[in-house]
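Visitor: Model the structure of this input:
(one chain, ligands or ions: 1)
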Amino acid sequence: MKIHRRNPPPFESQLSVMNTKGPTRERRRRRSYTLSGPTARERRTHFFSISNLHSLLLLFLVFYEFRQVSGLGSMSSLAVSYGENGPSLCGLNADGSHLVSCYGSDTSVVYGAPFRIPFSGLTAGDGFVCGLLMESKQPYCWGNNVYIQMGVPQPTAPMASYSEISAGDHHLCALRENPSHVLNGSSISSFQSFESLNLSFSYRLERSSIVDCWGYNMTATHDIQGDLRSITAGSVFNCGLFRENKTAFCWGDETGSGVISLIPKNSRFRTISAGGFHVCGVLMASLSRVLCWGRSLSLDNGKMESIPTDSMISIVGGRFHSCGLRARDKGVSCWGFILDTSTPVPANIRVLALAAGDYFTCGVLASATLQPVCWGSSFPTNLPMAVSPGICYSEKTCSTGFYAFRHENSDIDLCKPNKLCLPCSHGCPSGMYQSFPCTEASDRRCGFNCSICSSPECFSACSFQIHERNRALLSLKSPVFFIELAIAVVLVSIVSLLAVAYVRIKLQRCNCSAIEPKTNTKTCSFRKESIKISPDLDELKIRRAQAFSYEELERATGGFKEESIVGKGSFSSVFKGVLKDGTVVAVKRAIMASDVKKNSKEFHTELDLLSRLNHAHLLNLLGYCEEGGERLLVYEYMAHGSLHEHLHGNRKEPLNWVRRVTIAVQAARGIEYLHGYACPPVIHRDIKSSNILIDEEFNARVADFGLSLLGPADSNSPLSELPAGTLGYLDPEYYRLHYLTTKSDVYSFGVLLLELISGRKAIDMKFEDGNIVEWAVPLIKAGNLNAILDPNLRPPVEMEAMRRIANIASRCVRMRGRERPSMEKVTTGLERALALLMGSPCNEQPILPSEVVLGSSRLHKKASQRSSNRSGSSETIDNEDQRFEFRAPSWITFPSVTSSQRRKSSGSDGDGDGKNCSEVRDGLRCLDEEEIAPASPQQELFLQHNF
Ligand SMILES: Nc1ncnc2c1ncn2[C@@H]1O[C@H](COP(=O)(O)OP(=O)(O)OP(=O)(O)O)[C@@H](O)[C@H]1O
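Guide: Numbers count the residues shown, from 1 in each chain. I've put the predicted structure just below:
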């Protein structure tokens, strides 16, 4: 296929016309454009299209924005110019100074570069480079292009500041920050244009964006109806990506490219990047694959490379080719027209940022040197510089899906006081597994699975490990070893003694209470310090989870048939089954994927913990099966599935407010039990709506203990753990600093509360504020509760109750764990809000039977009975007031607790969550922290009656 050049004439003849007038004298004018629909022929000319091949990569991360992208002229930390004077590369220095250095053949670019002016980003075209000035946020250019003069491009728009700049062959465009501009009749209106095409596309764009352009045939101010997130310049055209609906929009001269008429109007992109005569984008859907549009080129001395099917995190466009950064390994793939004389992408390189010239591409190596490297045809060589791998934006913390890049030399701060956020990689190369997830602190890491090595890299990595192990063994033989051994023995003894002493002190502090079966729960003060009995294993009632055979469970689930599946998790499928005795169960079957070790670990953690834990609002484990490669856990069947399905799935009846808050209270109780009454506390680490299951009577159970850990007894001594959990629910303190305390569960629970109130997912990219916390908390703080209430339900009469719950939620998601309330306080606050939602808490008549509201004791009993029927070895102490059930010998003790007992003690909580409410005003109205403070006598009375 050919590029058809009709208009404009060759650049040379244009140059003479423009030279006489002087390019900067071209008057700024407003431009209006019409988009015409693609003809059938034009549609056939798509030379880039998304491949239909399947990728096995799973995307776990949700990206908000990709801003390390650089196209022919998009803004990046590095930029490459090309043209008659040869190629040059300019980059922002990797020392945090934001100063620019240039190397290459074009002396006007290399020597014209301002050496004392800091820039936030760079872009380049034919013979020129421009930077966005850090201070004034105006573009500043240098080089020898007659259309782009040295200095700030003229004419300037008074008071305009820009967020992004982007250069084509002979023009520069800049996207204005916060345009306070009112659209006039001649403005570009993407909405009008799309409508005129009679497309089903009816998205109404409300904000307008202003793009100022300078240079050949481009000097104009462009008013674009719709909020542009980014711009990218092709040879003689420009494109933008709308923030809201993530569609692309192009304007300018499409002669020879067709990029305007061929825009894929229904495709949504994470990022787009223009080349000379084409545009490529990373799709939101289709596993982040690439879709390109434009025209093909067929020349004698080159070949066409097809678009790879890999997931990409960013792309850049050259004259007739594009290159992308692969998400799985940060390697580079290039496609499109490649000259015969081109050198290929250097083998095995990993890069952090890319920039494309006309027939070449450069990238910043992901190594300590951060050196640029180029490939293709006629690229700049000898680049003795280290380039910043990205642009600094004003975020203090990186959004989800990004990690803060740190220079290996810890003295170098690339973005002081902000962070340099780079997009997380996702998926791992085949034969590898993800050993660490992407966190704020670092990108995700992949490791080789040495038990199934098939590649030379794997063998060499694994043999290195074996070699290291052998070396360690050999060192045993040396005499030094004996000295070392002696020292080690002494040290270990000292440490052990200290540890024993420490554990003893902790256990005392923790005051794990043990069994006191005759205690009257209504009157007993249940503060942990009141009962100090160390766990006596003989006294514990042991009920082990039953061991099932694989055959039994296979029969129960009809051979694990597809129709029995009630849910799927990341590493497991859950089947409904019926045991021989007629008990309906849920069987969780681990998917024995590549990550065998992880599966097995989660299986044992869950098995271990659940056979020790017992609470009415924790999911009961009935048994397990571990045969060959199979790992199966058997639970009570929860007839109403997960809370997530009710809130976001296709369950017909939305949960009403009372049900929602009841579920919140019950889940809070389950978590409170883990934190407050298990000693040491259990940290769940994966609280989310899909792990809150609902039984046939709509009671909630906390499930999925695969990630749980035994935590520190108090929140002042955090565990240092690598983050695990689910994005959107992860405590930022844990995520970034690896501090894990029970307050991490409190954060996740706060997110879950926001989900219950709003009906929105924790992360939902349908919305601009995709993160529920970032969206809801400012609205709650501004008192705009109506804006977050689930639009599928009528607002409750008792808005005060919702206000309280929203306040509790916003406290739970505070950045600092220390400032979040304990689960005990959260439960108390929620219980009161529930009371308020259902009637006056000052009413001395109980308004609800406790079983209807919380059904805990009944459930507990039922579960215990059912389980004991099944397990001959189990025994249950079932007392009217207090029930204890211990399933396995453990140094963790779990006294049962009731709400009223807890409430009695809640005044002594040392969380310092704020002032107490000393009196009842206007029903339950109190200021500030009142919702989660100890109850007033009236409230106490009400709560004792009802819970
Ligand atoms: N005991 C049960 N009774 C009924 N349905 C269940 C039960 N346990 C799990 N499910 C269903 O199966 C789904 C998957 O559960 P699972 O614990 O495997 O994964 P998850 O928590 O949703 O996801 P992930 O493993 O990624 O954290 C749940 O969301 C729920 O809908």
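
Visitor: CA only for contacts and neighbour counts going forward, please
Guide: Fine.

Visitor: Distance-wise, check His171 relative to Val129.
Guide: 11 Å (Cα to Cα, to the nearest Å).

Visitor: who touches both of those two?
Guide: Residues touching both His171 and Val129 by Cα atoms under 8 Å, 6 or more residues apart in numbering: none at all.

Visitor: Pick out whichever of those two has more residues nearby.
Guide: Val129 (33 against 28; other Cα atoms under 10 Å).

Visitor: counting contacts, what elements does the helix or strand where that one lies pack onto?
Guide: Using DSSP states H and E, Val129 falls within strand 128-133. Counting contacts by 3 or more Cα pairs under 8 Å, 6 or more residues apart in numbering; DSSP states H and E, strand 128-133 packs against strand 78-81, strand 119-124, strand 139-143, strand 162-167.

Visitor: Can you give the strand pairings for the helix or strand following the last one, parallel or anti for each?
Guide: The first helix or strand that comes after strand 162-167 along the chain, using DSSP H and E, is strand 171-176. When pairing is defined by DSSP bridges, strand 171-176 lines up against strand 162-167 (antiparallel), strand 208-215 (antiparallel).

Visitor: Now do whatever helix or strand comes next after the last one against strand 208-215: the angle between them, please.
Guide: Reading on from strand 208-215 to the C-terminus, the next helix or strand found by DSSP H and E is strand 220-225. Using axes from the mean of the first three to the mean of the last three Cα atoms, to 10 degrees, one finds that strand 220-225 and strand 208-215 are set 160 degrees apart in direction.

Visitor: Tell me the helices and strands packed up against strand 220-225.
Guide: Checked by 3+ Cα pairs under 8 Å, 6+ apart, strand 220-225 has strand 29-30, strand 188-189, helix 190-196, strand 208-215 packed alongside it.

Visitor: same thing but at 7 Å, please
Guide: If contacts are counted by 3 or more Cα pairs under 7 Å, 6 or more residues apart in numbering; DSSP states H and E, strand 220-225 sits against strand 29-30, strand 188-189, strand 208-215.

Visitor: comparing the ones you listed, which gets the lowest mean pLDDT score?
Guide: Lowest mean pLDDT of the helices and strands packed on strand 220-225: strand 188-189, a mean of 38.

Visitor: rewinding a little: deepest-packed of the helices and strands packed on strand 128-133, please.
Guide: strand 78-81 (a mean of 34; mean count of other Cα atoms under 10 Å).

Visitor: Parallel or antiparallel, which strands does that strand pair with?
Guide: Using DSSP bridges, strand 78-81 pairs in its sheet with strand 88-92 (antiparallel).

Visitor: Which residues does the partner strand contact?
Guide: Contact with strand 88-92 is made by 77-82, 98-106, 380, 387-388, as judged by Cα atoms under 7 Å, 6 or more residues apart in numbering.

Visitor: how about the CA coordinates for that strand, as PDB?
Guide: Written as PDB, here are the backbone C-alpha positions of strand 88-92 (Å, rounded to 0.1, in the frame of the first residue of the first chain):
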ATOM      1  CA  SER A  88      20.300  14.600  18.100                       C
ATOM      2  CA  LEU A  89      19.100  13.400  21.500                       C
ATOM      3  CA  CYS A  90      18.200  15.700  24.400                       C
ATOM      4  CA  GLY A  91      17.400  14.500  27.800                       C
ATOM      5  CA  LEU A  92      16.600  15.800  31.300                       C
END
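
Visitor: Tell me which residues of that strand come out buried.
Guide: Within strand 88-92, the residues that qualify as buried are Ser88, Leu89, Cys90, Gly91, Leu92, counting by 16 or more other Cα atoms under 10 Å.

Visitor: what angle sits between it and strand 128-133?
Guide: Interaxial angle, strand 88-92 versus strand 128-133 (the same axes, to 10 degrees): 10 degrees.

Visitor: now the angle from strand 88-92 to strand 119-124?
Guide: Using the same axes, to 10 degrees: strand 88-92 against strand 119-124 is 160 degrees.

Visitor: Close to the ligand: what parts of the stretch 451-600 of the chain are there?
Guide: With Cα under 6 Å from any ligand atom as the criterion, the stretch 451-600 of the chain comes near the ligand at residues Val566, Gly567, Lys568, Gly569, Ser570, Phe571, Ser572, Ser573, Val574, Ala586.

Visitor: Of the residues you listed, just say which sits nearest to Phe402.
Guide: Each of these was scored against Phe402 by Cα to Cα, and Ser570 proved nearest at 21.0 Å.

Visitor: could you point out which element follows the strand or helix carrying Gly324?
Guide: Assigned by DSSP H and E, Gly324 belongs to strand 321-326. Next along the chain after strand 321-326, taking DSSP H and E as the criterion, comes strand 332-339.

Visitor: what helices or strands is that following strand leaning on?
Guide: strand 302-305, strand 321-326.

Visitor: Any buried residues in the longest one, and which?
Guide: With burial defined by 16+ other Cα under 10 Å, the residues of strand 321-326 counted as buried are His321, Ser322, Cys323, Gly324, Leu325, Arg326.
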